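In: output the structure for:
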Amino acid sequence: MSERKVPAPELNPEIEAYFAAADEGRLLIKACTNCGEAFHYPRALCPFCRSERTEWREASGKGEIYSFTVLRRAPIPYAVASVQLAEGPRMITNIVDCDFDSLRCGLPVRVVFKPSESGPAVPMFTPEGEPA
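Out: Next up, the predicted model:
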C-alpha cells in the first residue's frame, strides 16, 4: 500500500518554531510560566489563564492513545487520534506505520516525523516498539 501524502501545514509566526523543531526531529509543546500548565496546539496565550507568559518546552515524544478513529473509506486508509502526551496535554495527530486493527485506547505511542508535501516535517505517532 502506498503512503498517504501529508499536506504542508500553513505556517504563521506563532508556530514556526514548532515546525522548525519538527524538521530537526524534536517535539515542542508550549507551557505557561504563570499557571504552570502545558498545552498543545501552540499559541501565544495560555488557554487556561490567558497569560502571555508562555515558553517552548521539548516534549519526550511519548504518550498513549486517548481516543482514535480509522478512516477506511479514504483512498488510502489512515488513523486519527487524540494522544495524551506524557507531559499532560492531548494532541490530535495521525497514528502511522502500524496495523490499524491493533490500535486501542491506552496503547503506548512515540512520536515520529513525516515529511509533508512541500513544507516542514509533521509530528505523528506510532505504537511503542514499532520499528522507526
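
In: which residues sit against the lengthiest strand in the chain?
Out: As assigned by DSSP state E, the longest strand anywhere in the chain is strand 62-71. When contacts are defined by Cβ atoms under 8 Å, 6 or more residues apart in numbering, strand 62-71 is touched by residues 77-86, 90, 95, 100, 103-111, 125, 128. Heads up, the C-betas are built off the backbone N, CA and C, glycines and all.

In: cool, stretch 93-103 as well?
Out: Against stretch 93-103 from outside (Cβ under 8 Å, 6+ apart): 65, 68, 70, 72, 77-83, 109, 112, 114, 123-127, 130-131.

In: filter these down to the buried ones, PyMOL style.
Out: Written as a PyMOL command, the selection of buried residues from the contacts of stretch 93-103, which uses 16 or more other Cβ atoms under 10 Å, is:
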select buried, resi 65+68+78+79+81+83+109+112+114+123+124+125+126+127+130
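
In: any idea which element the residue located most distally from the centre of the chain lies in?
Out: Relative to the mean C-alpha coordinate of the chain, counting by Cα atoms, centre = their mean, the farthest residue is Asn34 (24.1 Å). Asn34 is part of no helix or strand, with elements assigned from DSSP states H and E.

In: so what's it closest to, chain neighbours aside?
Out: Excluding the flanking residues, the one nearest Asn34 by Cβ to Cβ, 6 or more residues apart in numbering is Ser51, at 3.7 Å.

In: now that neighbour: how far from Tyr41?
Out: Counting by Cβ to Cβ, to the nearest Å, the separation of Ser51 from Tyr41 is 17 Å.

In: thought Ala59 was touching Leu85?
Out: Yes. Taking contacts as Cβ atoms under 8 Å, Ala59 lies within contact range of Leu85: 5.8 Å.
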